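Need coordinates for the below:
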Amino acid sequence: MNIVVLANGSWDPEWGKKVLETADYLICADGGANHALNSGYTPQQLIGDLDSVSSETLALCRKAGCFIEQFPREKDETDLELALLRAKEKALAEGERDIWLYGAAGKRIDHFMGNLALMLGYARQGIRIRLVDPEHEMWVLQGQEEFSTFKGQELSLLALSERAVVSTRGLYYPLERGVLRQDVPRGVSNVCLGESVGIEVHEGWVLVVALAGRV
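Numbers count the residues shown, from 1 in each chain. Now for the predicted structure:
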């Protein structure tokens with residue numbers, strides 16, 4: 001089951017029509033519901049303080065039977081934090097470990113940095129949040145993974161811990177137990193040599209950022 005969370009960040013409605021086709025269960029964080037309807041989809045759940053949802057969107061969600069949870073505006077959690085909590089509950093109930101996150105980049109850099117913090121927190125719980133926009137796909141990695149790429153695709157590895165020890169296969173600039181530091185961008189803009197890349201994070205946590213197409 002593809003569990004998708006749609007936030008209220010930058011959104012391309014035409015691109016959204018394509019990516020939301022894969023959603024088996026769609027949860028919108030507040031104004032993300034506006035994005036969903038603009039792309040022709042109605043969420044199964046809508047959650048947040050609802051200060052960014054238009055009255056038309058809210059009415060259509062209610063008419064469609066969307067489960068709506070409204071919280072006070074003055075709260076400790078962000079709207080996206082609440083939506084991801086519901087997505088995690090759904091994922092665990094379905095035996096899934098991946099959550100797809102859209103509309104969570106752009107607009108406000110402070111929100112984006114907060115979203116990265118959530119991705120790291122969920123990775124530590126064994127849940128992978130895959131944040132996707134038209135230009136990037138990113139996720140947090142510890143351990144070993146091999147995934148599909150294409151020749152010439154740019155890929156960056158950024159340490160989220162103070163240091164990360166990383167080995168790679170299939171990248172132009174290889175690492176063999178190389179050390180990536182949180183305060184040095186050594187892993188930015190590497191290049192994929194072919195149709196697959198292997199990464200092993202021996203120590204620490206790394207943000208993988210793949211450009212120009214979904215891996």
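
Let me know the pLDDT of Leu80.
Leu80 is assigned 96 on the pLDDT scale.

Give the closest residue to it in space, chain neighbours not counted.
Counting by CB to CB, 6 or more residues apart in numbering, Ala29 is the residue found nearest to Leu80 once chain neighbours are left out, at 4.5 Å. Heads up, the C-betas are built off the backbone N, CA and C, glycines and all.

Could you point out the longest strand of the protein?
When the chain is parsed with DSSP state E, its longest strand is strand 196-211.

which helices and strands sit right next to it?
If contacts are counted by 3 or more CB pairs under 8 Å, 6 or more residues apart in numbering; DSSP states H and E, strand 196-211 sits against helix 109-124, strand 136-148, strand 154-159, strand 163-169.

rewinding a little: so what's the residue nearest to Leu80 up against?
Ala29 is in contact with Val5, Leu6, Ala7, Asn8, Ile47, Gly48, Thr78, Asp79, Leu80, Leu82, Ala83, counting by CB atoms under 8 Å, 6 or more residues apart in numbering.

Assumed the first one was part of a strand.
So the one you mean is Val5. Yes. Under DSSP: H, G, I helix; E, B strand; the rest coil, Val5 falls within a strand.

partner residues bridging it?
On the basis of DSSP bridges, Val5 is bridged to Ile27, Leu101.

Touching, it and Trp100? I think so.
Yes. Val5 lies in contact with Trp100 (CB atoms under 8 Å); the separation is 7.2 Å.

more neighbours, these two?
Of the pair Val5 and Trp100, Val5 is the one with more neighbours under other CB atoms under 10 Å, namely 29 against 21.

Could you check how far that one is from Gly126?
Val5 is 17 Å from Gly126, where distance means CB to CB, to the nearest Å.

And for Asp49?
29 Å.

Ok, Asp79 next?
According to CB to CB, Asp79 stands 24 Å off from Gly126.

Give me the more crowded residue out of these two.
Each of Asp79 and Gly126 has its neighbours counted (other CB under 10 Å); Asp79 has more, 26 against 8.

For the residue nearest to the more buried one when sequence neighbours are not counted, list the residues it contacts.
Leaving aside its sequence neighbours, Asp79 sits nearest to Gly48 (CB to CB, 6+ apart; 3.3 Å). Shown in contact with Gly48 (CB under 8 Å, 6+ apart): Ala29, Asp30, Gly31, Glu69, Gln70, Phe71, Asp79, Leu82, Ala83.

From the residues you listed, list the buried ones, please.
Listed as buried from the contacts of Gly48 are Ala29, Asp30, Gly31, Asp79, Leu82, Ala83; burial here means 16 or more other CB atoms under 10 Å.

and the last one, helix, strand or coil?
When you say that, I think you mean Ala83. helix.
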